[in-house]
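# got a sequence here, can you model it:
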Amino acid sequence: MTVKKRIAAMMMTTLCLGMLIACESNETSSTNTKVNETTDRPEKTMAIDETTEPLEPDDQDGSFTVLAKELRVPWVIAFDEDIVYISEREGNVVKVDGDSTTRQAVHLLKSVHDRGEGGFLGFLLAPDFAKSREAYAYHTYEENGRVMNRVVLIKHNAGQWDEVRALLEGIPGAANHDGGRMAIGPDKLLYVTTGDAQQPELAQDRNSLAGKILRMTLDGNVPEDNPFPGSYVYTYGHRNPQGLVWNSEGILFNTEHGPSGDPGGHDEINKIVAGGNYGWPTIFGDAAQKGMITPIYHTGKEAIAPSGATIDENNRLWIATLVGEVLYRYDPASKNMSIIFEGEGRLRDVKIKDGLIYVITNNTDGRGMPSPSDDRLLVLKQIK
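A predicted model of the protein is given here:
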């Protein structure tokens, strides 16, 4: 049974359960599909069997369903038709196929450095995945005492993922501010976000790959029409960009973390233009300086730590937040930012598929308060 059909059936079940829940408010909900256990490092992860447990509505008001649980710091949601793939920061990929969930090993030529905000982060299926079985990944590694990030091509082979080749290495990394979001644009090119690696001055250095949005061909080459000849740099002056999404007109938006400490907050939504300088660390919030671009929206002194983003048919951005612990919806036309979903802790990524909203929690990342079932892949009821 497909995910969409199963969820429709489960929503009907919820109507029947509602009266029971009202009478027995202390009753806990049923358990959901559980990820099989493997060893704790991806290079040692062995093939595992799938479980097939029935899924049931997990909340009391029917607002969402849990498709997978006990995920280990999940980072990205990716779709292959009705199959969902989720990257985990320690270095695995979790496959959710109907009622079964499988944790799959990822074998890389350079080990994942899973520290702080670094690890196995971005994960993106190739456009021809059905035929090539290839995907793109972004991960942190350590070499000669330096923490860095790399973009690699990997391939799905017999229930595991193997590195094919590196596309770009030596991206500055650190315990925090590693970026890691990847997306393929309408131009069929690969876009990659990188953080400032806790060295803010690198964001303004166009010769550094830190604090940037990078743009490359799917083979890892520099496109001829990049704004700076011979450079992967598409935009610069970013602190820790986390979301990438295009609207129906081909306009690119990103979500980004603002400064920490005092002043803090000032998390951003930016409209991205080729060659743009987005100001970090020179300006943030409403500050302006010639040659630098201010955000179309920022949070003021409040920190929400925006992460993954998606867009709906009305060109509204849906944004998962970590510190904010809510799912926001932002309408660039009206400038309205509204809370759509909350109450499940830190949220790392959001996707919309076939009218359904998929969200992953991120409560096991060392900064949240995980429940025994965290982290989880949630499917929300349709929201208008």
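
# which parts of the chain are helices?
3-23, 129-132 (DSSP state H).

# worst average pLDDT in the ones you listed?
In terms of average pLDDT, helix 3-23 trails the rest of the helices of the chain, at a mean of 43.

# tell me how far the residue nearest to residue 266 when sequence neighbours are not counted lies from residue 278.
Among residues not flanking residue 266 along the chain, residue 258 sits closest, at 3.4 Å (Cβ to Cβ, 6 or more residues apart in numbering). The way it works is simple: take the backbone N, C-alpha and C, and place the C-beta from them, glycine included. From residue 258 across to residue 278, the span is 11 Å (Cβ to Cβ, to the nearest Å).

# any residues in contact with both of these two?
Common neighbours of residue 258 and residue 278 are listed as residue 268 (criterion: Cβ atoms under 8 Å, 6 or more residues apart in numbering).

# so the two - more neighbours on which side?
Neighbour totals were compared for residue 258 and residue 278, and residue 278 leads with 28 against 25 (other Cβ atoms under 10 Å).

# what sits against that one?
Contacts of residue 278 by Cβ under 8 Å, 6+ apart are 235, 236, 237, 238, 256, 268, 270, 292, 293, 295.

# before we move on, what about residue 240?
So residue 240 contacts 176, 177, 178, 179, 195, 196, 256, 257 (Cβ under 8 Å, 6+ apart).

# recalculate using a threshold of 7 Å.
Shown in contact with residue 240 (Cβ atoms under 7 Å, 6 or more residues apart in numbering): 177, 179, 195, 196, 256, 257.

# make JSON lines from those residues and add distance to residue 331 and neighbour count to it.
Compiled in JSON lines, those are given as follows (distance: Cβ to Cβ, whole Å; neighbours: other Cβ atoms under 10 Å):
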{"residue": "177", "distance to residue 331": "29", "neighbour count": "27"}
{"residue": "179", "distance to residue 331": "26", "neighbour count": "32"}
{"residue": "195", "distance to residue 331": "27", "neighbour count": "30"}
{"residue": "196", "distance to residue 331": "29", "neighbour count": "29"}
{"residue": "256", "distance to residue 331": "19", "neighbour count": "26"}
{"residue": "257", "distance to residue 331": "22", "neighbour count": "27"}
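
# narrow these to those in strands?
residue 256 (DSSP state E).
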